[in-house]
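S.K.: build me a model:
(2 chains)
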Amino acid sequence: MTPLSRLSLKTQLLTGSILWISMALLVTGFVLASLFRSHIERRFDAELSTHLDQLLAGLQLQDKGGFALGRPMTDPRFDRPYSALYWQVDGPGGSLLQSRSLWDWTLALPKDSPADGELHRHVLPGPNGQRLVAVERSVTFPGRREPVRAAVAGDLGVVERATSEFVRISALALGTLAIGLMLAAVFLVLATLHPLGRLHRALALVRQGQASRLEGHYPSEVQPLVNDLNGLLAHNAGLLGRARTEAGNLAHQIKTPLAIIANAARAMPPGGQASTLLEQIGLMGRRIDYALTRARAAASSMVLGAATPVEPSLTRMSAAMRTLYGPHDVEISVSCPNHVVVQMEPQDFEEVIGNLLDNACKWARTQVDVTVGEDALAVRIVIEDDGPGLAAAHYARAFERGLKLDETTPGAGLGLSIVRDIVDAYRGDVRLETSALGGLRVALRLPSTKPT
Amino acid sequence: MRLLLVEDEPTLAAQIRGALSSSEFAVDLVGDGEDACLLGGTEPYDGVVLDLGLPKLDGLAVLRHWRQHGIKMPVLVLTARADWHSKVEGLNAGADDYLGKPFIMEELVARMRALIRRSMGFTASVIACGPISLDAAAGRVLVDGSPVTLTGREFRLLDYLMHRQGHIVSQRELAEHIYDLEDERESNTIEVFIGRIRRKLGVDVIKTIRGLGYRLEGT
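M.R.: Down below sits the predicted model:
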């Protein structure tokens, strides 16, 4: 499972705000509905007790010990059958007075005995499946021993219907509000993250070597980061440039005197120390090259913005090889798709390809093939020749420093080991195989500039 | 064969010049890029040894200038920078071969010879013309298999004629390719040398084309 912090900012912000908006509005809806319901219920109860007061006020004692309603109830609903508003008076000795609206129904008041004047509230079954709320008072008239129970009841359905109507309307309103808020949240998130998207694209251009700095203006929260990154890029490029110039100067300053010493040594009489001198001078020259190349590769391997377009570079390299090896001796064919770019400094890429092509041309009888392909992770380059090849047992040793398997052909003997060092510095891979052409096949995997 | 040597380090320049002269090359030495540019554009050199690290004008710039102005003589680049990026840059600027310092002098001489041979259309290291064969690396001339001893100047002259076999070569052209700028040139010396070479070879391969010059013919 992906930890929350690894999700994209966009996903985090959008999910978070949508969850919060939904929860806040749901809670608001519930609170509103319950407030409304209790308010309606209180109003309903208050109305019932007003009717009860009117009922009690209208009750009159009759001579025979019974009761009658002296004044009719004002609300016409008491006269319409099953109208949802009812009254009933239980007199002593089972005598019963009822509103006309009850018709053939009798309110089954629970058998409690409320104290005189106390208001009781009950929920009772009513006619037509209605659920009724009844308020009841017991009153003992002066001169009588037994109290009368007077009750007024109303249909609870009225409250339910009003509540559900309110819930429906407020759900509609809150739902509309939710959609509006969510749209606002999406817009805000996208607008806020837009500069980061631009930064991402600018960085991709730098990574592919199409720009040397991050272009454009950014919000004040992001701009310092961009400035620092640009400063770092410029600093890196400057360091690298100076290091290269210094390396070149150092090579020149050491190797020119070495050349002079070597020539002087060759002029010495044979049989003396001349051969030792020459051997050591040659070694020094090669070690200087090796150290400089290694140092440069180590310094530049992880630099942001290192990029070399493969096709033009290979074209230049093979043109140079044709000059070195003569146009007719070896046919170098390059098959490379356009727009393949390796994430390497041009100097390092050309050092790798130069050494491998040089080896291939040296050994090939007639043909050297260079094939370039690209997958999601890496650029694959295969260099093969139709020469005598190398025994598989020698593959591992071929990369060893200072070892030269081809003692008969002039060469530094450090070529393959420098190839391995540079490729390692760039976290690539180099492998020796046997070519279908008969000679050596070198398979390279080099980092691609495609965004990962 | 006459070469231009462009090298700013005096000791190294003297060493290379010495080695080339003893291999019977006529050598003009310049120490900076501007002189090289000028001399390479005006004198008919058969080849150039060019150091890249030069004062005034960088070696690569000199090379590009020559190539842009259609000057095609083979150029052997000499440099301390042995990395392939620099090599490729040099080769694509118009260099024909590349030698990193420190180098073996024999290799420099051999590569220079090979470049000149290639530029004149020869592939084998021994050039033959009829009964004569000339091995420049060994400094040896054979007529029907037996060696002939030539002086330095005579060898230079025959070497040039062998490379230009079948073509008419004027006295002026011969002088331009066997003398360097500091040599004394006398008007009739070429005729004298030709006469000596004919006598030593004993075969009539050098034809005199009246009013134009000489032509080496194998048959």
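S.K.: can we go C-alpha only for contacts and neighbour counts from here?
M.R.: OK.
S.K.: for the residue of the stretch 151-300 of chain A found nearest chain B, which non-adjacent residue is spatially closest?
M.R.: Relative to chain B, the nearest point of the stretch 151-300 of chain A is A:A259 (4.0 Å; C-alpha to the nearest C-alpha). Among residues not flanking A:A259 along the chain, B:P102 sits closest, at 4.0 Å (C-alpha to C-alpha, 6 or more residues apart in numbering or on different chains).
S.K.: residue 176: neighbouring residues, count only.
M.R.: Just so you know, I chose chain A. Residues near A:T176, counting by other C-alpha atoms under 10 Å in any protein chain shown, number 12.
S.K.: oops, chain B please
M.R.: 18.
S.K.: secondary structure element for it, which one?
M.R.: Element membership of B:E176 [criterion: DSSP states H and E] is helix B:171-178.
S.K.: what does that helix contact?
M.R.: B:1-2, B:25-26, B:44-46, B:153, B:156-157, B:160, B:185, B:190-191, B:213-214 (C-alpha atoms under 8 Å, 6 or more residues apart in numbering or on different chains).
S.K.: make a ChimeraX selection of the buried ones in those residues.
M.R.: Per 16 or more other C-alpha atoms under 10 Å in any protein chain shown, the buried members of the contacts of helix B:171-178 correspond to this ChimeraX selection:
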select /B:1,2,25,26,44,45,46,153,156,157,160,190,213,214
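S.K.: inside helices: which ones of the contacts of helix B:171-178?
M.R.: When DSSP state H defines the helices, the subset of these inside them is B:153, B:156-157, B:160, B:190-191.
S.K.: for the helix holding B:E176, buried residues please.
M.R.: B:171, B:174-178.
S.K.: repeat for stretch B:99-112
M.R.: B:99-105, B:108-109, B:111-112.
S.K.: so for stretch A:232-251, mean pLDDT?
M.R.: Averaging pLDDT along stretch A:232-251 yields 81.
S.K.: and stretch B:193-207, by the same measure?
M.R.: 86.
S.K.: and if you look at stretch B:26-38?
M.R.: For stretch B:26-38, mean pLDDT is 93.
S.K.: swap in stretch A:11-19?
M.R.: Mean per-residue pLDDT for stretch A:11-19: 91.
S.K.: could you list which of the contacts of helix B:171-178 also contact chain A?
M.R.: Contacts with chain A are made by none of the contacts of helix B:171-178, judged by C-alpha under 8 Å from any C-alpha of the partner chain.
S.K.: now B:L134: closest residue in space, sequence neighbours ignored.
M.R.: Closest residue to B:L134 apart from its sequence neighbours, by C-alpha to C-alpha, 6+ apart: B:V141 at 4.6 Å.
S.K.: mind listing what the one you found touches?
M.R.: B:V141 makes contact with B:132-135, B:147-150 under the criterion C-alpha under 8 Å, 6+ apart.
S.K.: show me what it is bridged to.
M.R.: With DSSP bridges as the criterion, B:V141 is bridged to B:L134, B:V148.
S.K.: can you classify the residue nearest to A:A259 by secondary structure?
M.R.: Put simply, B:P102 is coil when judged by DSSP: H, G, I helix; E, B strand; the rest coil.
S.K.: tell me the confidence at it?
M.R.: You'll see B:P102 listed with a pLDDT of 86.
S.K.: surely A:R266 and A:A274 touch.
M.R.: Yes: with contact defined as C-alpha atoms under 8 Å, A:R266 counts as touching A:A274 (6.3 Å).
S.K.: is it true that B:R17 touches B:E7?
M.R.: No: between B:R17 and B:E7 there is no contact under C-alpha under 8 Å: 9.8 Å.
S.K.: who touches both of these two?
M.R.: Common neighbours of B:R17 and B:E7 (C-alpha under 8 Å, 6+ apart) are B:L29.
S.K.: of the two, which one has the most company?
M.R.: Higher neighbour count among B:R17 and B:E7: B:E7, with 27 against 21, using other C-alpha under 10 Å.
S.K.: how close does that one get to B:T79?
M.R.: B:E7 sits 10 Å away from B:T79, going by C-alpha to C-alpha, to the nearest Å.
S.K.: report the set of residues contacting both of these two.
M.R.: Counting by C-alpha under 8 Å, 6+ apart, the residues touching both B:E7 and B:T79 are B:D51.
S.K.: where do the domain boundaries of chain B fall?
M.R.: What automatic domain parsing lists as the domains of chain B is B:2-119, B:126-216.
S.K.: chain A now?
M.R.: If you go by automatic domain parsing, chain A breaks into A:13-161, A:212-300, A:306-452.
S.K.: list the buried residues in the least confident helix or strand in chain A by mean pLDDT.
M.R.: For chain A, the helix or strand with the lowest mean confidence is helix A:395-398, at a mean of 76 (criterion: mean pLDDT, DSSP states H and E). By neighbour count on 16+ other C-alpha under 10 Å, the buried set for helix A:395-398 is A:A398.
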